[in-house]
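1. Generate a structure from the sequence data that follows.
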Amino acid sequence: QVQLVESGGGLVQSGNSLRLSCVVSGRANSIEAMGWFRQTPGKEREFVATFNLRDVRTYYADSVKGRFTIARDSAKNTAYLQMNDLKPEDTAVYFCAASPKVFITRAPAEAYWGPGTQVTVSS
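-> The predicted structure is shown next:
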C-alpha cells in the first residue's frame, strides 16, 4: 500500500507563489509516476502536471504551462508542485496522485490519492 499526504496550500494574492508538497509512504518504490490534479466544486478533477519516474519526463496542462513546475526528491519520497504567478482561476483543492503505472494526463485506476490541500488565490 502507498499513502500520500499533501501540504503547502493556503491563501495568497494573485501573482504570488506557493509550493505544494506530497510525501509518499509505504511501498514508494512501486511508484512509476506522480501527478497533481485539482478540483473546484461542481467540476471534475482536472489534470495539472505529471512526472514520470522512468523517463524523467514532465507534462503540464496548458493552463499552467510556464507557471507551474513539478519535481520529485527521491531521497525524501516527496513530490513538489511549484506554483508561480498564481491567478484566481487556480483556486481549487489540489490532489497528489501516485501510480504503479506510467500516465500522462489521466491517472489509472490503480493510482493512490492524497486527501488534498486547498489553494485559494485572491484578486
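2. What is the burial count for Ala79?
-> Burial of Ala79 is recorded as 28 neighbouring residues (other C-beta atoms under 10 Å). C-betas here are computed from N, CA, C, even on glycine.
3. can you pull the pLDDT of Val5?
-> pLDDT for Val5: 96.
4. What about it, how many residues nearby?
-> By other C-beta under 10 Å, neighbour count at Val5 equals 14.
5. Confirm for me that it is in contact with Leu20.
-> No - using C-beta atoms under 8 Å, Val5 is not in contact with Leu20, being 11.1 Å away.
6. Find the centremost residue of the protein, please.
-> Trp36 (2.1 Å; C-alpha atoms, centre = their mean).
7. Measure how far the helix or strand where it lies is from the centre of its chain, please.
-> When elements are defined using DSSP states H and E, Trp36 is found to belong to strand 33-39. The chain centre lies 4 Å from the centre of strand 33-39; the measure is C-alpha atoms, centre = their mean, to the nearest Å.
8. From the rest of the structure, what touches whichever helix or strand comes after it?
-> Taking DSSP H and E as the definition, the helix or strand that follows strand 33-39 towards the C-terminus is strand 46-52. Residues from elsewhere that reach strand 46-52 (C-beta atoms under 8 Å, 6 or more residues apart in numbering): 32-39, 57-61, 64, 68-72, 79, 81, 94, 102-106.
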